[in-house]
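In: the sequence and its predicted three-dimensional model are supplied below.
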Amino acid sequence: MAGSIRYEIGQNAYIKLILHALNHRTSAVNGLLLGRLSGNTDSNPVVEITESVPLFHSQIGLLPPLEIALIQIEEFYRAQGLEIVGYFHANERFDDVELGNVARNIGDHIHRYFPQAALLLLDNNKLEALSKGKDRSPVVQFYTRDSSKSWKQVGSDGSSRLTIKEPAANVVLLDCISSQKWQDIVDFDDHLDDISKDWLNPELFNSCSIAALSCPATDIRGCVALAGMTGSRFFCYHVMFAAESLNSSICHYCQHHHALG
Amino acid sequence: MVSKTEEARVTMLENQVDNGGGGAWEYLCLVRKLKLRRSDKVLKHGLSILNDPSKRSSLGPEEWTLYEQVAIAAMDCQCIDVAKDCVKVLQKRFPDSKRVGKLEALILEAKGSWAEAEKAYSNLLEDNPLDQVIHKRRATMEKAQGNLSGAVEWLNKYLEIYMADQDAWRELAEIYVSLQMYKQAAFCYEELILSQPTNPLYHLAYADVLYTLGGLENLQSAKKYYASATDLTGGRNTRALFGICLCTHAIGQLMKGRNKDDKDSTELQSLAAKALEKDYKLIAPTKLSSLTETLRSLNLS
């Protein structure tokens, strides 16, 4: 039953989509979600969204580029055992949180092939509030299709069933934003205009090497180290707090010295 | 709309200025001339010139144009205070100017004070009823508030008078596409093709809309326009080549069992496919296998 399925999106897939939206702030953008349905279908089924491909930033309502993209992307990822499991959309205007018809239509099409399809709509208010708060939840509204054949928003009131696999994803996202990583994003539109540009974005996360270290301060939490253009930044993520210390190897929260591994 | 060479020049200048290589004024002039929307860069580099008295005075009378450009960029980046400062300087220099009046109304728009902005524009229109920019601002205000049908109404009214305004036709077409009103979008592109028949981008957009509309006649027309776009771009436009393949496939699907032997179309499709393969082999070899699979699934009709 659709009611008991969990959805989990990988950090890279999540960040790619948000960066894509930031790269084209003055227009609507969309993207595809790729992954698989795993876990026992009788108990604890999980839709794992492991990859994403940013699609277009202009004339989203037109079919030909979308059809070419769907065919190519599906073919490519089928070899990796992944299928199209959902769709991401960001509206043109800041305060527009309505799931428009184009998004619904594309969602319907994906649903035909993958009934547990997920529809994500960028929530700009949440994105803006990210730097001020410690929110771990994805900055999107999450829709699935229920038995009434319409797209319903899944509860954002604690019963949300969309989680990001890596709990520190939003902190990594903020880091990517501050280093203006969105400039490096290539979408399918860019590829069609210049086929030398790769919509796979293979080098996007190269300069951030993310290694999970274990924080000896507590045995439940994990620490993430980021090395890249912004220099070494260490922070220790704890379930209740996220503490950042720039260019230092001592976590301000747990005062523990972390080595870059 | 900019050509590839112009786009490349802008990007090169942008990188140069970003990395401290100078050329900021040239960059700003180019952005202004091509009417590009690079507000964060314009704001950053424009302010660096304006805040430096020696650079500012070396501009001479162009200084005021720069103030205007930076004011608009500031509004786009929601730095209303910066915009207000620029406009204040312009007001001092050009009191009672209509052009500055437009900027003031624009600030009201940027702040979201729609009613006041509407009043300001009406006042400006009383003195100058033929001002195209102000008419268009009304349409954009509707769009900014999310009232797309209102924007469509205003744009249609505007185009009845100023039917040669291609930017307005393009904007209207794009709004229609976002509303999924494809027939109306097609009409707009027809107007654009009539006024600029050698612009391949209009042929391409028209073909995309026709394909989206669907139906045998539209698909056949779409194929013709993809072909003309290919012709106008010397066979180098990837979208047009893909479009030909998609159309042929879709037409084939529709005509299955009708026993019409359309040798021309398969020839056109195989030509397009060959051209695509050649391009991908040369420029994007990692994607060649994806392309071959795509073409194969389109050829199975």
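Out: Sure, I can see it. Residues are numbered from 1 along each chain as shown, chains lettered A, B, ... in the order given.
In: could you look up the SS state of B:K33?
Out: helix (DSSP: H, G, I helix; E, B strand; the rest coil).
In: what does chain A put close to chain B?
Out: A:26, A:28, A:58-65, A:67-68, A:71-72, A:75-76, A:92-93, A:96, A:100-102, A:105, A:192-193, A:195-196, A:198 (Cβ under 8 Å from any Cβ of the partner chain). (C-beta placed from N, C-alpha, C; glycine too.)
In: quick one: buried ones out of these?
Out: If you count burial by 16 or more other Cβ atoms under 10 Å in any protein chain shown, the buried members of the residues of chain A next to chain B come out as A:28, A:58-65, A:67-68, A:71-72, A:75-76, A:92, A:100, A:102, A:192, A:195.
In: inside helices: which ones of those residues?
Out: Secondary structure from DSSP state H places A:L63, A:P64, A:P65, A:E67, A:I68, A:I71, A:Q72, A:E75, A:F76, A:V102, A:L192 of those in helices.
In: spatially nearest residue to the fourth one, not counting backbone neighbours?
Out: Leaving out its chain neighbours, the residue that sits closest to A:E67 by Cβ to Cβ, 6 or more residues apart in numbering or on different chains is B:L246, at 6.1 Å.
In: what about that neighbour, distance to A:L192?
Out: Distance from B:L246 to A:L192, counting by Cβ to Cβ, to the nearest Å: 13 Å.
In: how about A:N30?
Out: Using Cβ to Cβ, A:N30 is found at 14 Å from A:L192.
In: got the contact list for the residue of the stretch 51-200 of chain B found nearest chain A?
Out: When scored by Cβ to the nearest Cβ, the stretch 51-200 of chain B has B:V177 as its residue closest to chain A, at 4.4 Å. Contact partners of B:V177, counting by Cβ atoms under 8 Å, 6 or more residues apart in numbering or on different chains, are A:Q59, A:I60, A:G61, A:L62, B:A185, B:V209.
In: gap between the helix or strand containing B:W169 and the chain center?
Out: Using DSSP states H and E, B:W169 falls within helix B:166-178. Taking Cα atoms, centre = their mean, to the nearest Å, one finds the center of helix B:166-178 at 9 Å from the center of the full chain.
In: just the CA coordinates of it, formatted as PDB?
Out: Listed next in PDB are the C-alpha coordinates belonging to helix B:166-178 (Å, rounded to 0.1, in the frame of the first residue of the first chain):
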ATOM      1  CA  GLN B 166       9.000  40.900 -31.300                       C
ATOM      2  CA  ASP B 167      10.000  40.800 -27.700                       C
ATOM      3  CA  ALA B 168       6.300  41.100 -26.700                       C
ATOM      4  CA  TRP B 169       5.300  38.300 -29.100                       C
ATOM      5  CA  ARG B 170       8.000  36.100 -27.700                       C
ATOM      6  CA  GLU B 171       7.000  36.800 -24.100                       C
ATOM      7  CA  LEU B 172       3.300  36.100 -24.900                       C
ATOM      8  CA  ALA B 173       4.200  32.900 -26.700                       C
ATOM      9  CA  GLU B 174       6.200  31.700 -23.600                       C
ATOM     10  CA  ILE B 175       3.300  32.600 -21.300                       C
ATOM     11  CA  TYR B 176       0.900  30.600 -23.500                       C
ATOM     12  CA  VAL B 177       3.300  27.600 -23.400                       C
ATOM     13  CA  SER B 178       3.500  27.700 -19.600                       C
END
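In: any idea how many residues pack against A:P115?
Out: Neighbour count of A:P115, defined by other Cβ atoms under 10 Å in any protein chain shown: 11.
In: tell me which helix or strand it sits in.
Out: Counting by DSSP H and E, A:P115 is part of no helix or strand.
In: repeat that for B:H249.
Out: Per DSSP H and E: B:H249 is located in helix B:238-254.
In: which residues does the helix or strand that comes right after that helix contact?
Out: Helices and strands here follow DSSP H and E; after helix B:238-254, the next one along the chain is helix B:263-283. Helix B:263-283 has contacts (Cβ under 8 Å, 6+ apart) with A:195-196, B:223, B:227, B:230, B:235-236, B:238, B:241-242, B:244-245, B:248-249, B:251-252, B:287-288, B:291-292, B:295, B:299.
In: any of these buried? List them.
Out: By 16+ other Cβ under 10 Å, the contacts of helix B:263-283 give A:195, B:223, B:227, B:230, B:238, B:241-242, B:244-245, B:248-249, B:251-252, B:287-288, B:291, B:295 as buried.
In: doesn't A:V53 belong to a helix?
Out: No - using three-state DSSP, the assignment for A:V53 is strand, not a helix.
In: that one reaches A:W199, doesn't it?
Out: Yes - using Cβ atoms under 8 Å, A:V53 is in contact with A:W199, at 5.8 Å.
In: now do the shared contacts for those two.
Out: When contacts are counted by Cβ under 8 Å, 6+ apart, A:V53 and A:W199 have A:I73, A:D187, A:F188 as shared neighbours.
In: looking at the stretch 151-261 of chain A, which residue is nearest chain B?
Out: A:I195 (4.4 Å).
In: surely B:F242 and A:L63 touch.
Out: No - if you go by Cβ under 8 Å, B:F242 and A:L63 don't touch, sitting 11.6 Å apart.
In: bridging residues for the residue nearest to A:R6 when sequence neighbours are not counted?
Out: Using Cβ to Cβ, 6+ apart and skipping residues adjacent in sequence, the residue nearest A:R6 is A:V46, 4.7 Å away. Beta bridges link A:V46 to A:R6, A:S38, judged by DSSP bridges.
In: so where is the stretch 101-250 of chain A shaky, pLDDT-wise?
Out: Within the stretch 101-250 of chain A, the ranges that satisfy pLDDT under 70 run A:156-160, A:207-250.
In: the helices in it, which residues?
Out: Under the criterion DSSP state H, counting those that start in this stretch, helices of the stretch 101-250 of chain A are mapped to A:101-113, A:124-129, A:169-178, A:188-193.
In: so which of the ones you listed comes closest to B:L155?
Out: helix A:101-113 (19.9 Å; Cβ to Cβ).
In: show me what the closest one is in contact with.
Out: Identification of contacts with helix A:101-113 by Cβ under 8 Å, 6+ apart yields A:30, A:60-61, A:66, A:83-87, A:89, A:117, A:119, A:121, A:143, A:145, A:151, B:178, B:180.
In: by how many degrees do the strand or helix carrying B:R138 and helix B:166-178 diverge?
Out: Assigning secondary structure by DSSP H and E places B:R138 in helix B:132-144. On the basis of axes from the mean of the first three to the mean of the last three Cα atoms, to 10 degrees, helix B:132-144 is oriented at 10 degrees to helix B:166-178.
In: quick one: check helix B:132-144 for contact with chain A.
Out: Yes - shown here: helix B:132-144 in contact with chain A (Cβ under 8 Å from any Cβ) through B:A144.
In: next one: stretch B:19-35
Out: No - using Cβ under 8 Å from any Cβ, stretch B:19-35 stays clear of chain A, with a minimum separation of 13.3 Å.
In: with just CA atoms, put that stretch into CSV.
Out: Taking C-alpha atoms only, stretch B:19-35 is exported to CSV below (Å, rounded to 0.1, in the frame of the first residue of the first chain):
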residue,chain,number,x,y,z
ASN,B,19,39.1,37.5,-11.9
GLY,B,20,40.2,41.1,-11.7
GLY,B,21,41.4,41.5,-15.3
GLY,B,22,39.6,44.7,-15.9
GLY,B,23,37.2,45.5,-18.7
ALA,B,24,34.2,46.1,-16.4
TRP,B,25,32.9,49.0,-18.4
GLU,B,26,33.1,47.1,-21.7
TYR,B,27,31.3,44.2,-20.0
LEU,B,28,28.5,46.5,-18.7
CYS,B,29,28.1,48.1,-22.1
LEU,B,30,27.8,44.7,-23.8
VAL,B,31,25.2,43.5,-21.3
ARG,B,32,23.2,46.7,-21.8
LYS,B,33,23.4,46.4,-25.6
LEU,B,34,22.4,42.7,-25.7
LYS,B,35,19.7,43.3,-23.0
